[in-house]
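*Asks:* predicted model follows, preceded by the sequence.
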Amino acid sequence: MKKKFQNSLIKKMFNPKNFGEIKNPDAIGEFVNPQCKDFTRVYLRIKKGKVKDAKFQTIGCMAAIAFSDEACNMVKGKTITEAKKIDAKEIFSRIKGFPEEKMHCSIMGPNAVKRALENYEKSMKK
């Protein structure tokens, strides 16, 4: 029997709170999933060493969208060092209802966030 998605998961997949673009962001990071070729771009607003806002755009499956949205939720209010520590396993465990075969989608958000933060740090050194 196929596993049905929980209502809370369906809401997250179809109504992500952090979907979109930040105009004039402090950092942008992109990640292409090597397994399925889904794409995520993350925009960050950083003030006084903390992530104040995070938005994403994803071209991919509903799991990729939900996990990218959760990555953005998780980095808000964190320092750059704290935000870099967020990983796929943590995101996967926070969103209940996805089958294990969707675990590969949970790498997209945190990897795009890490790339955005790396890009931000490089720009600050210039």
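*Replies:* Noted; the coordinates are in hand.
*Asks:* wait, Ile91 sits on Cys72?
*Replies:* No. Using Cβ atoms under 8 Å, Ile91 is not in contact with Cys72, being 10.4 Å away. The way it works is simple: take the backbone N, C-alpha and C, and place the C-beta from them, glycine included.
*Asks:* mutual contacts of the two, please.
*Replies:* Listed as contacting both Ile91 and Cys72 by Cβ atoms under 8 Å, 6 or more residues apart in numbering are Gly109.
*Asks:* does Phe19 really touch Phe56, like I thought?
*Replies:* Yes. Because the distance of 6.4 Å satisfies Cβ under 8 Å, Phe19 is recorded as touching Phe56.
*Asks:* what sits against Lys102?
*Replies:* 61, 63.
*Asks:* which residues does the longest helix along the chain contact?
*Replies:* Scanning the chain for the helix with the most residues, using DSSP state H, yields helix 108-125. Helix 108-125 has contacts (Cβ under 8 Å, 6+ apart) with 26-31, 33, 38, 40-44, 46, 54, 56, 58, 60, 64, 67-72, 75, 80, 83-84, 86-88, 91.
*Asks:* which residues in this structure form strands?
*Replies:* In the chain, the strands defined using DSSP state E lie at 27-32, 39-47, 50-59.
*Asks:* give me the packing partners of the last one, helices and strands only.
*Replies:* Going back to what we said before, that points to strand 50-59. strand 39-47, helix 62-75, helix 80-84, helix 108-125 (3 or more Cβ pairs under 8 Å, 6 or more residues apart in numbering; DSSP states H and E).
*Asks:* go through those and name the closest to Ile95.
*Replies:* Proximity to Ile95 (Cβ to Cβ) singles out helix 62-75 among the helices and strands packed on strand 50-59, at 5.6 Å.
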